[in-house]
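Peer 1: Only the shape, not the letters, is given here:
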């Protein structure tokens, strides 16, 4: 396959999320786990972004002037909060249905987000650059992880950062994130994740390093069934996040 014909799009994955797109903003619907997970990842993104760019997190709009890409944005669960923090936000998703849902909700909420039905490689080829790239819960759904990481990394400006969140490829993750979440608790539709497509932290670090980014922080995120809440952890065996930066030019 030639380089120009390579794609990160997995048609089955796009069809899967398009079918349930109308439920993106229903906190009790099929995306309930993301709604529960969102406060933890939002707090981490805000904290680390403010620290990196020397912003005061106590300000109402501490990310003012920063350009953010949320790749694989879905219905916009991260885009809208980032825009409310003052950032200029571009939300990109390969599913046109997801993008239409996101546009409607942003309009109803009075939040300004530039939503685009496009791919990471198309944005990179167009020369788009960002201070922050949010690469959250996407890598386990693409068809070509190396190409996807290369394209998303390419769009990080010198001095910029990228957040990557995904699920580790471990037996623990198979038991909790797939069998537990999809087949027993039914938090997610069956088939949302395939074990063989999960990505280990070391694999992502290698891809980021090849693309010129340096991992500066690693964070596990764990679920407590007693409190029905997520919290930060040192345990990267299931859900985890990486923060990587591109050195200044």
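Peer 2: Here it is on my side, so go on. Keep in mind the model is a prediction, meaning the values are calculated, not measured.
Peer 1: Just give the closest residue to residue 237, not the sequence neighbours.
Peer 2: residue 172 (4.5 Å; Cβ to Cβ, 6 or more residues apart in numbering). Heads up, the C-betas are built off the backbone N, CA and C, glycines and all.
Peer 1: Just want the phi and psi numbers for the closest residue to residue 196 other than its chain neighbours.
Peer 2: Nearest residue to residue 196 in three dimensions, chain neighbours excluded: residue 169, at 7.8 Å (Cβ to Cβ, 6+ apart). Dihedral pair for residue 169: phi -90, psi 80, per degrees, to the nearest 10.
Peer 1: ok, which stretches of this protein are helices?
Peer 2: In the chain, the helices defined using DSSP state H lie at 11-19, 32-52, 79-84, 96-109, 120-125, 145-154, 171-173, 201-210.
Peer 1: Output the below-cut-off pLDDT ranges for the chain.
Peer 2: For the chain, the stretches with pLDDT under 70 are 1-5, 9, 13-14, 16-21, 182, 185, 187.
Peer 1: okay, which residue is most central for it?
Peer 2: residue 136 (1.3 Å; Cα atoms, centre = their mean).
Peer 1: residue contacts, that one?
Peer 2: 41, 70, 72, 78, 163-165 (Cβ atoms under 8 Å, 6 or more residues apart in numbering).
Peer 1: what about 7 Å?
Peer 2: Shown in contact with residue 136 (Cβ atoms under 7 Å, 6 or more residues apart in numbering): 41, 78, 163, 165.
Peer 1: any idea how far the nearest residue to the second one once chain neighbours are set aside lies from residue 135?
Peer 2: Beyond its immediate neighbours in the sequence, the residue positioned closest to residue 78 (Cβ to Cβ, 6+ apart) is residue 70, lying 5.1 Å away. Using Cβ to Cβ, to the nearest Å, residue 70 is found at 9 Å from residue 135.
Peer 1: So which of these two has more stuff around it?
Peer 2: Ranked by neighbour count (other Cβ atoms under 10 Å), residue 70 and residue 135 place residue 70 first, with 30 against 27.
Peer 1: you'd agree the more buried one is up against residue 79?
Peer 2: Yes - under the criterion of Cβ atoms under 7 Å, residue 70 makes contact with residue 79 at 5.0 Å.
Peer 1: joint contacts of those two?
Peer 2: Common contacts of residue 70 and residue 79 (Cβ under 7 Å, 6+ apart): 89, 91.
Peer 1: about what we covered before: inside strands: which ones of the contacts of residue 136?
Peer 2: In strands, defined here by DSSP state E, the members of the contacts of residue 136 are 163, 165.
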